[in-house]
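Student: Return a 3D structure for these sequence lines:
(2 chains)
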There are 2 protein chains.
Amino acid sequence: MLAFDVFGTVVDWRSSVIAQLEEFGRAHGVDADWAAFADAWRAGYVPSMDRVRRGELPWTRLDDLHRMTLVDLLAAEHISVGDEAVDELTRAWHRLDPWPDSVAGLTRLKRRYVITPLSNGNVSLLTNMAKRAGLPWDCVLSAELFRHYKPDPEAYLGCADLLDVAPDELMLVAAHRSDLRAAREAGLRTAYVSRPLEYGPGRQVRMPAEGEFDVLASDFLDLADQLGA
Amino acid sequence: MLAFDVFGTVVDWRSSVIAQLEEFGRAHGVDADWAAFADAWRAGYVPSMDRVRRGELPWTRLDDLHRMTLVDLLAAEHISVGDEAVDELTRAWHRLDPWPDSVAGLTRLKRRYVITPLSNGNVSLLTNMAKRAGLPWDCVLSAELFRHYKPDPEAYLGCADLLDVAPDELMLVAAHRSDLRAAREAGLRTAYVSRPLEYGPGRQVRMPAEGEFDVLASDFLDLADQLGA
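Tutor: Numbers count the residues shown, from 1 in each chain, chains lettered A, B, ... in the order given. This is a model prediction of the structure:
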């Protein structure tokens, strides 16, 4: 069975969020460096989850963490809009476009494996995203179900438990080493997929060492080839 | 958004379980009245969940409740097989065939609504069932996620919470009055679908009174018509 990290691995959050911020700017007659705004929004992601992981915040779903970060960023830009507009913009993270190979690759992988997201995004976010983008998941699993954000081991082990398989019968597919290392520590198998454009063009991406993870793939079609799907 | 009861509402558990029991009998060279065996297995369903609901058993997933009932029924028939054969037969409930209109109706309803199971079956059971039967769920929600079996209100309210909608923005679709009444009590909208063959041919099924539930439908295609999908 295959569990997929989503933000950056399945979908191109950066281009999608920038496009929606530009649209928000036009609709509300405000301007900012929307690429920098998107990067700052994403930069708030791990620290906000870490507050939950350390127990400084009670369990808080990712939509609400995204909103808290957004409110601060809008204030810093002196942009003032109503609560409904903030809610609507927060849901930009429900409307992310897949990488060009994602749907075709998942469709092939689904023929041979059970495929599920294992994302820090909440269930409604992942469900709305999948419906809009045509991601053909067999089920929708989220950190929300375990009330533990990745890289807490409870998220990886909870996923295997709900799928009723041993940890080593489940492979995490992700574009991020930290996620894969935590999955490996929890006993899962691991597949690294290179997403060199995740943080924008012109970034140098260092591939993991051969043997650090079970599979190294250039995209989901290559992953399907390597996994015989 | 639409949440569906599954056993009896989406899939024909009785014919499917009887067929698999007959196959089990042939494979192991044992015989019994397999229709009566299937009915007895199903008759153990509510009492076993009630033990969990009353707190006499800790949370126990449906696969394990199904197995406990099966072990007793095999013993009563003096049928002795290995643990793996019992496990395999328990998973008969993962391999249930949909009613003839289910996939076509769900496919239509999915175009307009988010569709999810809300079943007492565990996540792996529902995921395996959907994959085999081609049920096009947007996500897979189960009593297992709330550790409360229907008709506990936590199951209905937990489903609305994960989908991030108010209870009255969610409609339960079911062939069973007791499930629908509990959903209505929790604030959900309700659709009754008639499944006169659930307990076998020749049964008299009394339709609910007009107005008891929000929608009365003869099958999922009729439901799609009535819901404009």
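Student: tell me, how many neighbours does the closest residue to residue A:44 other than its chain neighbours end up with?
Tutor: Spatially, and ignoring its direct neighbours in sequence, residue A:44 is nearest to residue A:69 (3.5 Å; Cβ to Cβ, 6 or more residues apart in numbering or on different chains). All C-beta atoms are positioned from the backbone trio N, CA, C, and that covers glycine. Residues near residue A:69, counting by other Cβ atoms under 10 Å in any protein chain shown, number 19.
Student: Would you quantify the distance from residue A:69 to residue A:110?
Tutor: Residue A:69 is 33 Å from residue A:110, where distance means Cβ to Cβ, to the nearest Å.
Student: Would you mind measuring from the residue lying closest to residue A:205 once chain neighbours are set aside to chain B?
Tutor: In space, and not counting its chain neighbours, residue A:205 is closest to residue A:196: 4.5 Å by Cβ to Cβ, 6+ apart. Residue A:196 sits 30 Å away from chain B, going by Cβ to the nearest Cβ, to the nearest Å.
Student: Also residue A:4?
Tutor: Residue A:4 is 15 Å from chain B, by Cβ to the nearest Cβ.
Student: Also residue A:177?
Tutor: Taken as Cβ to the nearest Cβ, the span from residue A:177 to chain B is 28 Å.
Student: do residue A:3 as well
Tutor: For residue A:3, the distance to chain B - Cβ to the nearest Cβ - is 12 Å.
Student: Flag every residue of chain A that's near chain B.
Tutor: A:63, A:114, A:116, A:122-124, A:126-128, A:130-131, A:137-141, A:144-145, A:162-164 (Cβ under 8 Å from any Cβ of the partner chain).
Student: Inside helices: which ones of these?
Tutor: Those of these mapping onto helices are A:63, A:123-124, A:126-128, A:130-131, A:144-145, A:162-163, per DSSP state H.
Student: And those residues, which of them are buried?
Tutor: A:63, A:123-124, A:126-128, A:130-131, A:144-145, A:162-163 (16 or more other Cβ atoms under 10 Å in any protein chain shown).
Student: quick one: residue A:208 is in a helix?
Tutor: No. Residue A:208 is assigned coil when assessed by DSSP: H, G, I helix; E, B strand; the rest coil, not a helix.
Student: Same list as before, the buried ones among the ones in helices among the residues of chain A next to chain B that is, but in TSV and with pLDDT included.
Tutor: Formatted as TSV, those follow (pLDDT from 0 to 100):
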residue	pLDDT
A:63	98
A:123	98
A:124	98
A:126	98
A:127	98
A:128	98
A:130	98
A:131	98
A:144	98
A:145	98
A:162	98
A:163	98
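Student: Please report the distance of the residue of chain A positioned farthest from its centre from chain B.
Tutor: Ranked by distance from the centre of chain A (Cα atoms, centre = their mean), the top residue is residue A:29, with 29.9 Å. Note on residue A:29: its distance to chain B, by Cβ to the nearest Cβ, is 29 Å.
Student: Likewise for residue A:12?
Tutor: For residue A:12, the distance to chain B - Cβ to the nearest Cβ - is 22 Å.
Student: Show me where chain A has its helices.
Tutor: A:13-28, A:34-43, A:45-53, A:62-76, A:83-90, A:102-112, A:123-133, A:143-146, A:153-163, A:177-185, A:220-226.
Student: Many thanks, have a good one.
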